[in-house]
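Novice: Need a 3D model of the sequence below.
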Amino acid sequence: MTPADIVAEMMSHDQYSHWLGAEVSRIELGLCDLLMTVRPEMCNGMKIAHGGISYSLADSAFAFACNSHGRLAVSIESSISHFQAVQIGDELRAQAREVHRSHKTGRYEVHVYNQEEDLVALFLGTCYIRSSEW
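Specialist: All right, here's what the predicted structure looks like:
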């Protein structure tokens, strides 16, 4: 399967990424760019996007990049740092890239940008790579 085939299969079962409105703009081996627009129901009591929104977009991009090689991969650790508030109507782009990949684990960075190309968050994730293939 190609990386695009794998992501299409994953997305067909991924209701949360659909709810986010995530759209794949780029998928290659070890790389994934996802786009989405922040909606009012994604905001917290301070009327800014809940931190879980940028985290979730980054996590989805991470998952797609991890699995793009054709072997099933699952997250075993992740973290995020938020640098700037995200507002209703902001267009976010999560850009996942592979930093390291071995036979059993992979390490990824996901940069989340707004429509002004400001870095709003940095997500770091580690995946476990199973022996099963897509």
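Novice: which helix in the protein runs the most residues?
Specialist: helix 51-67 (DSSP state H).
Novice: Helix or strand next in line after that one, which one?
Specialist: strand 71-82 (DSSP states H and E).
Novice: Sort out which residues of that next one are buried, please.
Specialist: R71, A73, S78, I80 (16 or more other C-beta atoms under 10 Å). To be clear about C-beta, it is placed using only N, CA and C from the backbone, and glycine gets the same treatment.
Novice: rewinding a little: how far does the longest helix of the chain sit from the chain's center?
Specialist: 2 Å (C-alpha atoms, centre = their mean, to the nearest Å).
Novice: sorry, back to before: make TSV out of the buried residues of strand 71-82 and add distance to V112 and pLDDT.
Specialist: Supplementary listing: these in TSV, determined by distance: C-beta to C-beta, whole Å; pLDDT from 0 to 100:
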residue	distance to V112	pLDDT
R71	26	97
A73	20	98
S78	13	98
I80	8	98
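Novice: out of these, who's nearest V24?
Specialist: Proximity of the buried residues of strand 71-82 to V24 (C-beta to C-beta) peaks at A73, which lies at 16.8 Å.
Novice: What does the pLDDT read for the residue nearest to the closest one when sequence neighbours are not counted?
Specialist: Nearest residue to A73 in three dimensions, chain neighbours excluded: C66, at 3.9 Å (C-beta to C-beta, 6 or more residues apart in numbering). For C66, the model assigns a pLDDT of 98.
Novice: now swap in the one 3 residues further on and tell me
Specialist: Note for H69: predicted pLDDT of 97.
Novice: With the one 5 residues further on instead?
Specialist: On the pLDDT scale, V74 is placed at 98.
Novice: about what we covered before: and the longest helix of the chain with strand 71-82, angle?
Specialist: 150 degrees (axes from the mean of the first three to the mean of the last three C-alpha atoms, to 10 degrees).
Novice: Okay, buried residues for helix 51-67 please.
Specialist: Using 16+ other C-beta under 10 Å as the test for burial, helix 51-67 gives 53-67.
Novice: Show me what the closest residue to Y55 other than its chain neighbours is bridged to.
Specialist: Of all residues not flanking Y55 in the chain, I80 sits nearest, at 5.0 Å (C-beta to C-beta, 6+ apart). Counting by DSSP bridges, I80 forms beta bridges with F123.
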